[in-house]
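**Q** pasted the sequence and its predicted model underneath.
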Amino acid sequence: MTTLETSAGLLPARTAAKEPARRTFRLSHISFGLVLAWLILGTALLWAIAPGLFTIYNPIEGVPGGQLKPPSALHLLGTDSLGRDLFARIVHGAVHSLSGAVAAVTVGLVVGTGLGLFAGAIGGRIDAVIMRFVDVLLSVPTLLLSLSIIILLGFGTLNAAIAVGATAIAGFARLMRSEVVRVRRADYVEAAFGSGGTFWNVLRRHILPNSLTSVIAYTAVQFGWAILQLSTLGFLGYGAPPPTPEWGLLIAEGRNYLATAWWLTAAPGFVVVAVVLSANRISQSIGRGR
Amino acid sequence: MSANTTPILEIRNLSISYGEGEARTRVVHDVSFSVAPGEVLALVGESGSGKTTTAQSVLGLLSGSGHIDAGSIHLNGEDISRWTEKRLRGIRGPVVSLIPQDPSNSLNPVLSVGAQVREILEIHGRLNRAEADRRVIELLTQVGLSEPELRAKQYPHELSGGMKQRVLIAIAIALKPALIIADEPTSALDVTVQRRILDLIDDLRRAYGTSLLLVTHDLGVAADRSDRLVVLQNGRIQEQGPTAEVLATPQSAYTRKLLSDAPSLAVRSARPAIDANSKPLVTVEGLSLDFGLPGGRRFRAVDNVSFTVRKGTTHAIVGESGSGKTTTIRAIAGFQKATGGTIHVGDTDVAGLSSRTLRPFRRKIQLVYQNPWGSLDPRQTIFSIVEEPLLNFDPLPKAERSQRVEAIIERVGLPTSVLSRLPHALSGGQRQRVAIARALILEPEVVVLDEAVSALDVTVQAQILALLGELQRDLGLTYIFVSHDLAVVRQIADTVSVLQNGRQVDYGPVAQIFESPASDYTRELIEAVPGRTFPHHLHLAAQTAGQGS
């Protein structure tokens, strides 16, 4: 163990000399997949910000007599059982799914990172208590945990977001703790204490900024995962109540007409998959870029 | 050496570059030299001088984007520089072999030592299993491993660094190659182990008549062990010739500089005698420090160490890895609680400090770390790194802070333009200057230097040592200097403690320690310092250096 650590400590010194020669390619070719991922996520964001630009139909009120129409020039993705334009519902639903995901990730990020930061920085008994609590969170199946929280808090978009966020806490806490423990051992942290830094000052100036890089990449993955979880909850009827055009709920509502109007489930399903994959692709590029 | 025989290795006008297209950088320029049978040629230079690249090219092992642009490499009269990987594989081992730099990374951790030595015999040999096993034991005996049968069954983590290096040497000599390339074979080892390993390589080389290409940054090692010397700088040969001649009458300015900077070869200017009136500033008495081991046992890292450091002097703590020297200074700096004994810095009792009184105490004593790549926060600018200690104590107005930061940065010999940069834009020597500036900005009384120059090249090391001496004279600083390098210690220390396994085996003024050491261990350490076989050249070298600069 000791030899490993010392040799790892010396290594940067040796590789530093070779680095200029290796760091040659950058931005020389931008990946097509990454551009596509940003386009998809950008479009979804625009849907959430200004849905009126993309569709003229009302997502809540249906057109009488226009039920279950197949996709056509008039209704791009057809209409549902109440005659509501599906494309309009997907576009207007973006704001629910995306804001829900942002809220969920924020809950996970703030609480999880905070727990991990204290566990790693303070160590000892506090570390043990926090991490055993995190282990308990991890041992409960995520869906079960979300459902229990929703039952306790009540239904609604925000509560669903909190429920999803709570299941993300454990992952953030573990990642943050491992990063903090690594940074905590660095000479510059000891030097900061040695020059009279207080615990809080060192935490703020050195430990936090140096531990956050991989957490940021992880946040993007969690964003995609949160959209998926929120849709799952919506599909099960634990998310936003109807007639909210939430993506998961759209899939659930279309399920009854799978045989006659398959586009009612396929279209929102495809949108969810595309957005989740894009978020993952982008997080991967953040992870690699650092 | 006999000049009439054909050389084993002949390199002609070799140029090597890394990278592709525009980003290509040439690291070896037009290098030519040759190695005669049975000869030891030392390739000497600082990091980035192209010495390792040159050595790798002989084995066809250039890493990644490395490419031979021009020139030829003749091995036993055949040009191998354009050979395919497959053909090269045939000569690696039987004709030319490598002793790598870092023994801790060079063995496969999941294979037994015996299996790894046998591997090379199996790849090239026609030996059957039983014969190969016998040969493995033979080889391990030859490289001086005790109980070779047992060692063959052990795994790398069960061996010490020196033993691992012996195993690597066994692999290198297994097929009796004509040429062995040793790339810094001992720089990761303690001095006494280093000497034993170099002796071993020497003996084996003599026994087999093998040639040796020794790549090293340590001019002392090269002086002791080589017949001829090639001095490289920035990928160009500065000088080559018989070792004794080069050291006695160096022709190029760069060689003279290296010679005068190498602590093991340079003449020491006597340190002024300690002022008998100066007060003791740091007093350590009967210091002991235990670490708890899993299973409730305790490990005594420091055992009954006592010494006194007078104000304005330098006290060196010397020892090999695991001797407790770092633990001792961490206790002095207040990072570790002593198990027994007392430490006084000025009139403060370090053991009696609570977490509240510890912080003001930090102003008095500052630590400079070994590795300047790890001791500076990679996300802070140099300005905020140096400014930070000021923010921790009485608030100063911003203008005064930046004035003091600028003053101290200039004091350590850096331009103020570095203040806006990040640490990665600085060289190792510059970073260590920043670390020193950070330590000095609080105007401490004691500066503890933990191997503060060990990670640096000799010329940079000499500059930092000169800076430290200057700062001590001007600011009246007291240093506690931890080092494994006795040559450096002899240059800068007034008093010395020698630690072995946590015990202080020698303590006294530097002259006394070096001239009449009290313990065998100290004597062994002093004898292990490379460069001792060339004492008569030292004066000559120093004189020429004096005239040259």
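**A** Structure received. Small disclaimer: the values here were computed from a predicted structure and weren't measured. Residues are numbered from 1 along each chain as shown, chains lettered A, B, ... in the order given.
**Q** report pLDDT for residue 221.
**A** Answering for chain A, as no chain was given. We have a pLDDT of 83 for residue A:221.
**Q** sorry, I should have been clearer: chain B.
**A** So residue B:221 comes in at 85 (pLDDT).
**Q** how many neighbours does it have?
**A** 23 (other C-beta atoms under 10 Å in any protein chain shown). For the C-beta atoms, the positions are set from N, CA and C on the backbone; glycine is no exception.
**Q** and it, what does it touch?
**A** Going by C-beta atoms under 8 Å, 6 or more residues apart in numbering or on different chains, residue B:221 touches B:42, B:186, B:194, B:198, B:214, B:530, B:531.
**Q** try 6 Å
**A** residue B:530 (C-beta atoms under 6 Å, 6 or more residues apart in numbering or on different chains).
**Q** which parts of the helix or strand residue B:168 falls within are buried?
**A** Secondary structure assigned from DSSP states H and E places residue B:168 in helix B:161-173. Going by neighbour count (16 or more other C-beta atoms under 10 Å in any protein chain shown), the buried part of helix B:161-173 is B:161-173.
**Q** ok now it, how far from the chain's centre?
**A** Relative to the mean C-alpha coordinate of its chain, helix B:161-173 is positioned 19 Å out (C-alpha atoms, centre = their mean, to the nearest Å).
**Q** so what does it touch, helix or strand wise?
**A** The helices and strands touching helix B:161-173, judged by 3 or more C-beta pairs under 6 Å, 6 or more residues apart in numbering or on different chains; DSSP states H and E, are strand B:96-99, helix B:103-106, helix B:113-124, helix B:191-208.
**Q** ranking these by burial, who's on top?
**A** Highest mean neighbour count among the helices and strands packed on helix B:161-173 (mean count of other C-beta atoms under 10 Å in any protein chain shown): strand B:96-99, with a mean of 24.
**Q** what residues does it touch?
**A** With C-beta under 6 Å, 6+ apart, strand B:96-99 has contacts from B:59, B:168, B:169, B:172, B:177, B:179, B:180, B:181, B:182, B:185.
**Q** can you list the buried residues in the one helix or strand residue A:272 maps to?
**A** Using DSSP H and E, residue A:272 sits within helix A:263-289. By neighbour count on 16+ other C-beta under 10 Å, the buried set for helix A:263-289 is A:263-265, A:267-269, A:271-272, A:274-286.
**Q** hmm, back to that, so for the helix holding residue B:168, what's the average pLDDT?
**A** On average, helix B:161-173 scores 87.
**Q** export that helix as CSV, just CAs?
**A** Taking C-alpha atoms only, helix B:161-173 is exported to CSV below (Å, rounded to 0.1, in the frame of the first residue of the first chain):
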residue,chain,number,x,y,z
GLY,B,161,11.9,-2.7,-3.6
GLY,B,162,15.5,-3.9,-3.7
MET,B,163,14.5,-7.6,-4.0
LYS,B,164,12.1,-6.7,-6.9
GLN,B,165,14.9,-4.9,-8.7
ARG,B,166,17.0,-8.1,-8.3
VAL,B,167,14.2,-10.2,-9.8
LEU,B,168,14.1,-7.7,-12.8
ILE,B,169,17.9,-8.0,-13.1
ALA,B,170,17.5,-11.8,-13.1
ILE,B,171,15.0,-11.5,-16.0
ALA,B,172,17.4,-9.1,-17.9
ILE,B,173,20.4,-11.5,-17.6
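**Q** that's all I had, so thanks and see you.
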